[in-house]
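Engineer: how would this look folded up:
(2 chains)
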Amino acid sequence: MSALGSIDLSRALHHAEAIGRVLRGLELTVERRVPADLIDRIDSLKADLAGRPTDDFGYDPEAIKPLAPVLAWLYYEYFRVQTFGLHDLPAGRVLFVSNHSGQIPIDGMMIGSALLFESRPPRAVRSMIERWVPSLPFVSTFFARLGQVLGTPENCRTLLEQDEAVLVFPEGVRGISKTYDKAYRLQEFGHGFMRLALENQTPIVPVAVVGAEEQYPALWNLEPLARLLSLPAVPITPLFPLTGLLGLLPLPVRYRIHFGRPMYFSGDPHEEEAALHDRVLQVKQAIQDMLDRGVAEREHIFW
Amino acid sequence: MRIAITGISGRFGRLLARRLHRRHAVVGIDRRPYHERPADVELHQIDIRRQRCEDIFRAGGFDAVVHLNVMHDPRASSEDHHTFNIRGTTRVMEYCVRYAIPKLVLLSSANVYGPRAENPQFLTEDAPLMGGTRFGEIRDLIALDMCAQSFFWKHPDVATVILRPVHIVGAVRNAPSNYLRLEHIPRLAGFDPMLQIIHEADVADAIAAALEPGVRGVYNVAGCAPVPLSVLLRMTGRPTIDFPHFLAEAAVERLWRLRLTSFPAPEVDHLRYVCMVDDAPFRAATGFRAVNDLDATMAHLRLTSAADLR
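Structural biologist: Below is the predicted model of the structure:
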């Protein structure tokens, strides 16, 4: 009886040790990959608050610190993000306009990480989030602390007036929930971002994210089920739901984020939609060009 | 200036009278008695809806009226509430026109916009008054605010100012002050909305600023810089209790019926959603700046609650 117990115990210890080794290895890789100055970078963002506990929107850079290792692991290990054109960014207020893809908004997270980890000086990106988020407990507070803001024109205007860097996805759900046959083809753009940029003379930086389309290559979107569950989409991918929970993991694709040259526009922000259309198309075309080039230049989806 | 203050005997009315009586002649109208009234403040103890009240305005020679006589007691029957608030206000407006009083200041509230999931972080004066969608008791205040707005357009000769201050904190008996005075402060688990509070003395200052010639219109009034609810609660030094939001409203509803709480259930939304205002137009029009910051305001709340206990 006791012999049996001791055998089990030693086996359990053996397993525990193995797990421990893997975890330590993971920890080491993470530590090695967290930029040494990351805490300094976060602290420099904190300095902008001038002693207030949070900014007007509930953003507190301190809240990024406990997440930084996870973000760094996703950024450097899992998605091995490559950035292009990150050093030509304008200082002060700026509007990042990006394509949106990949079923869940990892693209926003990676753009935010890129600007925190690699841009000089580090920028806090304020992305505009969906209208139902504020009614979720914990999630709403968590997002607010990380600087995410409810996506209304008023909020975007307030942020730009405070010289913040705002990230918008003018395709919205049309972009993120599209199926793989439409990969890297920009969907219809909303015009709101152009009005806001004109109002505050904000430079627009077009952003093209290459890689996210392949993280969950959706073959089919089960729209009736999505409506039933009030979800934006229920994608069927080669791995989901066939392989169960495993299919929920995004594929470890390589992200390539291209930042374009800043674009400056002028004009009356209150013009009718048609008059803004040309300028919106210019931005859209700039992103589409970067996407096409980025897709053509990459040698492989996964590395 | 000769200023009439309706509802002068309330806590805020007395505060405003003390703020104004040294520089102006202050005449109070209230059906309640006014204890420890400064000697130079005249009081007419009368219900504002009474016909006899007109004589006060006829003979008064007022340069301005500050209308504070608005009942906020959510326990009072809605009929009482409605006639007192709306009838009282329309009477005061009539008198302003009839006796050529050039200025009327009304105290509304930023709560008329209502805490809502889809609110932008800062509401401007143009935002729709959606406070009544879930919270019936505030419809009175919304009706009053709208009534004042239509009066503003119909009678350009009376400079009407409608002030919508954020949560007023101090010795006043209102929901936010009562909430922050609780022994154990309940909150909704996982929700930590940004809040704006203002020191009651700053509201009195804002009214004084609104009395200046040339000021007219609808204005939001904000005080301290916005902070998350959790920061305010930490400053009270009181223990907090987290409730899941889906239980809280039903529980408060039940407690309210049993008369165990003074908070109507829909007010719980203030612990969940943002209802903050942009006060830039008022600051631009009057140069008003709140004197008291967050520390001073919360210290004042502690002090006044301690004084109440004695």
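
Engineer: tell me the pLDDT at residue A:209?
Structural biologist: For residue A:209, the model assigns a pLDDT of 95.

Engineer: How about residue A:100?
Structural biologist: The model reports residue A:100 with a pLDDT of 93.

Engineer: Just to check, residue B:118 is in contact with residue A:152?
Structural biologist: Yes. In terms of CB atoms under 8 Å, residue B:118 counts as a neighbour of residue A:152; the distance is 7.5 Å. For glycine as for every other residue, the C-beta is placed from the backbone atoms N, C-alpha and C.

Engineer: Compare neighbour counts for those two and give me the winner.
Structural biologist: Applying other CB atoms under 10 Å in any protein chain shown to residue B:118 and residue A:152 shows that residue A:152 carries more neighbours, namely 16 against 13.

Engineer: count of residues packed around the residue in the stretch 201-303 of chain A that chain B sits nearest to?
Structural biologist: Per CB to the nearest CB, the residue of the stretch 201-303 of chain A with the smallest distance to chain B is residue A:230, at 14.4 Å. Counted with other CB under 10 Å, the neighbours of residue A:230 add up to 7.

Engineer: likewise the one 4 residues further on?
Structural biologist: Number of residues near residue A:234 (other CB under 10 Å) recorded here: 20.

Engineer: Let me know the distance separating the residue lying closest to it once chain neighbours are set aside from residue A:229.
Structural biologist: Closest residue in space to residue A:234, ignoring its immediate chain neighbours: residue A:222 at 4.1 Å, by CB to CB, 6 or more residues apart in numbering or on different chains. Separation of residue A:222 from residue A:229 (CB to CB, to the nearest Å) stands at 10 Å.

Engineer: Between these two, which has more neighbouring residues?
Structural biologist: Neighbours per residue (other CB under 10 Å) separate residue A:222 from residue A:229, with residue A:222 holding more: 16 against 10.

Engineer: Restricting to C-alpha, output stretch A:215-224 in CSV.
Structural biologist: Written as CSV, here are the backbone C-alpha positions of stretch A:215-224 (Å, rounded to 0.1, in the frame of the first residue of the first chain):
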residue,chain,number,x,y,z
GLN,A,215,-5.1,33.3,-37.7
TYR,A,216,-8.7,32.0,-38.0
PRO,A,217,-9.3,31.4,-41.7
ALA,A,218,-13.1,31.4,-41.7
LEU,A,219,-14.7,29.3,-44.4
TRP,A,220,-18.2,30.1,-43.5
ASN,A,221,-20.0,32.4,-41.1
LEU,A,222,-23.0,30.8,-39.4
GLU,A,223,-25.0,34.0,-39.4
PRO,A,224,-28.3,32.6,-38.0
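
Engineer: any idea of the pLDDT on the residue nearest to residue A:234?
Structural biologist: 82.

Engineer: Return the residues of chain B in contact with chain A.
Structural biologist: Within chain B, the positions adjacent to chain A are B:117-122, B:124, B:188-194, B:225-228, B:231, B:244-245, B:272-274, B:276, B:278 by CB under 8 Å from any CB of the partner chain.

Engineer: Tell me how far residue B:14 lies from residue B:5.
Structural biologist: Shown here: residue B:14 relative to residue B:5, a distance of 9 Å by CB to CB.

Engineer: what residues does chain A put near chain B?
Structural biologist: Proximity of chain A to chain B (CB under 8 Å from any CB) is limited to residues A:52-54, A:56-58, A:131-132, A:134-141, A:144, A:149-150, A:152-155, A:158.

Engineer: let's go with 7 Å and repeat that
Structural biologist: Taking CB under 7 Å from any CB of the partner chain as the test, the list of chain A residues beside chain B reads A:52-54, A:56-58, A:131, A:134-135, A:137-138, A:140-141, A:152, A:154-155, A:158.

Engineer: Pop out the phi and psi values for residue A:195.
Structural biologist: The phi/psi pair for residue A:195 (degrees, to the nearest 10) reads phi -60, psi -40.

Engineer: Contact partners for it?
Structural biologist: Under the criterion of CB atoms under 7 Å, 6 or more residues apart in numbering or on different chains, the contact list for residue A:195 reads A:269, A:276.

Engineer: how much space is there between it and chain B?
Structural biologist: Distance, residue A:195 to chain B, by CB to the nearest CB, to the nearest Å: 15 Å.

Engineer: next one: phi and psi at the residue of chain B found nearest chain A?
Structural biologist: Using CB to the nearest CB, the single residue of chain B nearest to chain A is residue B:190, 2.8 Å away. Residue B:190 has phi and psi values of phi 90, psi 0 when expressed as degrees, to the nearest 10.

Engineer: these two touch, right, it and residue A:144?
Structural biologist: No. With contacts defined as CB atoms under 7 Å, residue B:190 does not count as touching residue A:144, sitting 11.4 Å away.

Engineer: Which residue ranges of the stretch 51-200 of chain A form strands?
Structural biologist: Using DSSP state E, counting those that start in this stretch, the strands assigned to the stretch 51-200 of chain A run over residues A:82-84, A:94-98, A:125-129, A:149-150, A:165-168.

Engineer: Then the stretch 201-303 of chain A?
Structural biologist: A:204-210, A:220-221, A:235-236, A:256-259.

Engineer: most neighbours per residue, which of those strands?
Structural biologist: Highest mean neighbour count among the strands of the stretch 201-303 of chain A (mean count of other CB atoms under 10 Å in any protein chain shown): strand A:204-210, with a mean of 25.

Engineer: same for that strand, what does it pack against?
Structural biologist: Based on contacts counted as 3 or more CB pairs under 7 Å, 6 or more residues apart in numbering or on different chains; DSSP states H and E, the elements that strand A:204-210 packs against are strand A:94-98, helix A:106-117, strand A:256-259, helix A:273-297.
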